[in-house]
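Colleague: Here is the input, now give the coordinates:
(2 chains)
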2 protein chains.
Amino acid sequence: MPDRIPFNKPYFTGKETEYIETAVKSGHISGNGEYTQKCHQFFESKWGIKKALLTTSCTDALEMAAILLNLQAGDEVIMPSFTFVSTANAFVLRGAKIVFCDSREDHPGMDENTIEALITEKTVAIVPVHYAGVACDMEKIMGLAKKHGLFVVEDAAQAIDSYYTFSDGTTKALGSIGHLAAFSFHETKNIISGEGGMLAINDEQFIKRAEIIWEKGTNRSAFFRGEVNKYGWVDIGSSFLPSEVIAAFLWAQLENLESIQNRRKIIWERYHSLLHNYFNLITIPKYATNNFHIFYINCNSNIERSKLIKKFREYNVISVFHYLSLHSSRYYKSKHDGRELVNCDRYSDCLLRLPLFFELTEMEQNKVVEIIKNFIKEN
Amino acid sequence: MPDRIPFNKPYFTGKETEYIETAVKSGHISGNGEYTQKCHQFFESKWGIKKALLTTSCTDALEMAAILLNLQAGDEVIMPSFTFVSTANAFVLRGAKIVFCDSREDHPGMDENTIEALITEKTVAIVPVHYAGVACDMEKIMGLAKKHGLFVVEDAAQAIDSYYTFSDGTTKALGSIGHLAAFSFHETKNIISGEGGMLAINDEQFIKRAEIIWEKGTNRSAFFRGEVNKYGWVDIGSSFLPSEVIAAFLWAQLENLESIQNRRKIIWERYHSLLHNYFNLITIPKYATNNFHIFYINCNSNIERSKLIKKFREYNVISVFHYLSLHSSRYYKSKHDGRELVNCDRYSDCLLRLPLFFELTEMEQNKVVEIIKNFIKEN
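Modeller: Reported below is the predicted structural model:
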């Protein structure tokens, strides 16, 4: 069997355990210590996020957002069906009804032109998911939100260091545009901490309550700032904050953001130049950037994709499809209103992700491309 | 200013970063890797827990329990008012009404004799909190649960390595008795991982669904066991599983459980022998054991306690009170039925925790005791 080329291999900068050791020696390894603060400041100063709060996962950041929106049973939330279960579950846990919208034809992100027809009196929020770190049409979506009095929660799980340019020429980081946004640092992401996430708050009205919800529903943050004498139970909440062990790990990664992104860019662009003659590859809209999170190809059918995955396996190369349409999942099928979401289903059936990680070598990449070219010849 | 004696100082066995390094090198740092499995097996084999699932916090383990119980809005859950907010919040997040019960006169744990009067047709669960690792009367509580068809969720946050002996002489670890139980590995606990927790499942009917809820509402666990072809969205859930970085840390601690417990025992018993003539100290019921998690004294009044805390501060010694009665919190006061819970209020006003951690020296301990003795003389 040839050497295995995994789909993903977490990259370590070498400083992670050193910083963990420092946290350990400081005697503070529960949440909200120095490394947590450093990470918060990084996001706030670099990307203009008003208030950053690390969480134990992107799922938890989305759950914080759902709590902050004060969702009531029956409230509706519009999101793409081509997304991770947590995008939906976070809102379902608060009693919301999910109204799934289709992907764009040229991109798995939500089709901005299909959103308005889904808005009802019960709609509370729109949740654009920046698939592969490529922006949804935020100008359009923010405009719809303003027009209809809705909130926007960006699912920026994959979108670190990616941007959106408005028609007036201003550019903003993804995750800094919606009222709220959620990032992921799961080991498959560009910047990692094993499991981990962050809530970004861009609408100031949410900051005070977010701190309370983050601290298990207590006003502990206000207590430490000297604003109250004792802290107690003032709201619902959970233990959303991660250990300093996790924050220290994350800090080592954030320090190396640039070199990590540069390396991924090289690999991504090499795939693109070698494969763009063979597939309809990703279209990156003018308003969006690429953060080189995922390199995927669109196969012509589910059967073709299965064959190609099998072919890869014969060479010990791991390629991976992505989301199953949530609107036809076992859990949500009977709750969905029956609309067909053809683009979503197509990405669900045909999209295939190729190995992409910091340490992927040119030789390994050549092998991946060679397998694809041979596969095309043979089929 | 004399050298500071903190209230708590996290203890590190020295192996934590080594194991984290190993996890990092293995290339698997998201959840449910080898260290997570080792921790699960430890709890299952050592304490007879049917199924253990690490979580990012004890709060999250309690939330998993609340989801597993399928609570509906208006369902009632009985628990002590003298507990951490998360004990209550986890159930409030699912729409439950909390019915608070008083503490025992001789111990902050729930008074088992007051529970039955609180049971109504809407009661779904009883949540005994083993304060300071000292067991609630589990035989009585399990009996009530059986009689009325209720579930028991042990809040075993502080109760690692502590036991309950039934009237027939059999002894069981706390957290292995209730249908479900939640442990904490927060940095203040005997065994730590910064932030961290675990759900213990002792009633087999919950195991399958717990795995799904743990994995964001997907049947991913079944997929990896080869029971299904693809995994998808099948239920509500969240990202409850911690990073392998956290599990590796925890494993280094669990390996040293015995030496950690032995050291805490020495410190605890020394406090007891030096102070039992001056205070009504903790009563440990015959059926319970001590796991040396907390050493507290009961002051005669809130004023006395405040004075003593102040006196400690003058000597740079940090002593800490504990929970504020949840039934009179800003969040729950108007929802509580108005019953007075006098023992709870007394512990809330008068209980004071002394410094207790692995590295506390005899000299430091002498100083703490000396301050108390002088305080008593002067007052």
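Colleague: Other residues contacting the helix-or-strand element of chain A with minimal mean pLDDT?
Modeller: The least trusted helix or strand in chain A, going by mean pLDDT, DSSP states H and E, turns out to be helix A:220-224, with a mean of 87. Applying CB atoms under 8 Å, 6 or more residues apart in numbering or on different chains, the external contacts of helix A:220-224 come out as A:211-212, A:214-215, A:228-231. Quick note: C-beta positions are derived from backbone N, CA and C, even for glycine.
Colleague: at 10 Å instead, please
Modeller: By CB atoms under 10 Å, 6 or more residues apart in numbering or on different chains, the surrounding residues in contact with helix A:220-224 are A:32, A:53, A:208, A:210-212, A:214-215, A:227-232, A:234, B:85.
Colleague: The lengthiest helix in chain A - contacts with which helices or strands?
Modeller: The helix spanning the most residues in chain A, taking DSSP state H as the definition, is helix A:257-275. With contacts taken as 3 or more CB pairs under 10 Å, 6 or more residues apart in numbering or on different chains; DSSP states H and E, helix A:257-275 sits against strand A:296-298, helix A:362-378.
Colleague: Out of the ones you listed, which is the most enclosed?
Modeller: strand A:296-298 (a mean of 20; mean count of other CB atoms under 10 Å in any protein chain shown).
Colleague: can that strand be found next to chain B?
Modeller: No. Applying CB under 10 Å from any CB of the partner chain, one finds strand A:296-298 out of contact with chain B, separated by at least 18.0 Å.
Colleague: Quick check: next helix or strand after that strand?
Modeller: On the C-terminal side of strand A:296-298, the nearest following helix or strand under DSSP states H and E is helix A:302-314.
Colleague: which residues touch that next one?
Modeller: A:1-2, A:5, A:7, A:297-299, A:301, A:317-321, A:345-346, A:348-352, A:354-355, A:367-368, A:371-372, A:374-376, A:378-379.
Colleague: Mind checking the pLDDT average for stretch A:81-94?
Modeller: In this model, stretch A:81-94 has a mean pLDDT of 98.
Colleague: now swap in stretch A:22-36 and tell me
Modeller: Confidence for stretch A:22-36, expressed as mean pLDDT, is 93.
Colleague: any idea which helix or strand carries the residue in chain A sticking out farthest from the centre?
Modeller: With distances taken as CA atoms, centre = their mean, the residue sitting farthest from the centre of chain A turns out to be residue A:229, at 38.5 Å. Here residue A:229 sits in a region with no helix or strand, counting by DSSP H and E.
Colleague: Now do the helix or strand following the least confident helix or strand of chain A and helix B:244-254, the angle between them.
Modeller: As assigned by DSSP H and E, the chain's next helix or strand after helix A:220-224 is helix A:244-254. Using axes from the mean of the first three to the mean of the last three CA atoms, to 10 degrees, the inter-axis angle of helix A:244-254 relative to helix B:244-254 is 140 degrees.
Colleague: what are the ranges of the strands in chain A?
Modeller: Counting by DSSP state E, chain A has these strands, from start to end: A:51-55, A:76-80, A:97-101, A:123-126, A:151-155, A:163-165, A:171-173, A:180-184, A:197-201, A:296-298, A:351-353.
Colleague: Now for the nearest residue to residue A:43 once chain neighbours are set aside: which residues touch it?
Modeller: By the measure of CB to CB, 6 or more residues apart in numbering or on different chains, the closest residue to residue A:43 outside its immediate chain neighbours is residue A:52, 4.0 Å from it. The contact partners of residue A:52, by CB under 10 Å, 6+ apart, come to A:36-37, A:39-45, A:175, A:181, A:183, A:198-201.
Colleague: Are any of those buried, and if so which?
Modeller: A:36, A:39-40, A:42-44, A:175, A:181, A:183, A:198-201 (16 or more other CB atoms under 10 Å in any protein chain shown).
Colleague: Now the least confident helix or strand of chain A: buried residues?
Modeller: Along helix A:220-224, these residues count as buried under the neighbour rule (16+ other CB under 10 Å): A:220-222.
Colleague: Tell me the one among the contacts of residue A:52 nearest to chain B.
Modeller: For those, the residue nearest chain B by CB to the nearest CB is residue A:36; the value is 10.8 Å.
Colleague: Surely that closest one and residue A:250 touch.
Modeller: Yes. Using CB atoms under 10 Å, residue A:36 makes contact with residue A:250 at a distance of 8.8 Å.
Colleague: Can you give me the domain boundaries for chain A?
Modeller: Each structural domain of chain A that the record assigns through automatic domain parsing is listed here as a residue range: A:16-254, A:257-378.
Colleague: returning to what we had before: ok, the residue nearest to residue A:43 to residue B:104 distance?
Modeller: Distance of residue A:52 to residue B:104, given as CB to CB, to the nearest Å: 44 Å.
Colleague: Likewise for residue A:307?
Modeller: Remark: distance between residue A:307 and residue B:104 (CB to CB) = 68 Å.
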